[in-house]
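S.K.: What follows is a predicted structure for the sequence shown.
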Amino acid sequence: MIKAYGSSTSGNCWKVATVLTLTNRPFQWIEIDSNAGGTRTPDYLALNPNGKVPIVQLEDGAVITESNAILAHFAEGTRLLPAPGLDRTRVMEWLFFEQYSHEPYIATARNWIAWKRVKDKHAAELPGMWDAGHKALAVMEQRLAKASYLAGNQLSIADLALYAYTHRAEEGEFDLARYSWLRAWLDRVSAEPGLTSLPAAKKAAQ
């Protein structure tokens, strides 16, 4: 059976569980607490020397790293990834955008504020995070004013990649009220049969 290693609170790891579920692939979930050093153990580093989650180990023992690479691997041949050509390239554009312009800011702010609860420690850095994160959200808003989904008119892994942290962005103190098209897209994606949500940051309210 496929083994998926990840943290259930991580949007990058959510992507993996979601694409495996939506493509009907049975898998074993192995919980790793990266905030507690779970990715730095010798056993884990033997699987992924980069020391990050998520990873997937296939039935033959091969390991795939990087969440968006995992999305593309398992979406191959399904409705979630167009055939090679310009439509697929549009999907890839959003995957790179997510990892370079979106996730570093929105996911990091969420982790500091809602999970690690170290907002005060990063007070000087957060305004820059919020500014960069809102720039990414504005790009998405502009696109979604013209199309139902990011890469076209049907759900793709581009939407899964960006939904992962966008639907929990408010836990990083990103106000989504100004993004009407983006919020409508969040509703469309969340209504997809079989889709689940990231756990809410209950720790922040304790």
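M.R.: Cool, the structure landed.

S.K.: ok, residue 199 to residue 76 distance?
M.R.: 29 Å (Cβ to Cβ, to the nearest Å). For the C-beta atoms, the positions are set from N, CA and C on the backbone; glycine is no exception.

S.K.: Could you list the low-pLDDT ranges of this structure?
M.R.: 201-206 (pLDDT under 70).

S.K.: can you pull out the strands in it?
M.R.: For the chain, the strands defined by DSSP state E occupy 2-6, 27-31, 55-57, 63-65.

S.K.: Most tightly packed of those strands?
M.R.: Most buried of the strands of the chain, by mean neighbour count (mean count of other Cβ atoms under 10 Å): strand 55-57, with a mean of 22.

S.K.: Quick check: neighbours of that strand in the sheet, parallel or antiparallel?
M.R.: strand 2-6 (antiparallel), strand 63-65 (antiparallel) (DSSP bridges).

S.K.: JSON lines please, covering those and showing distance to residue 183.
M.R.: Shown next, in JSON lines, are these (distance: least, Cβ to Cβ, whole Å):
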{"stretch": "strand 2-6", "distance to residue 183": "27"}
{"stretch": "strand 63-65", "distance to residue 183": "32"}
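
S.K.: Please list all residues in contact with residue 15.
M.R.: Going by Cβ atoms under 8 Å, 6 or more residues apart in numbering, residue 15 touches 54, 67-68, 70-71, 160-161, 164.
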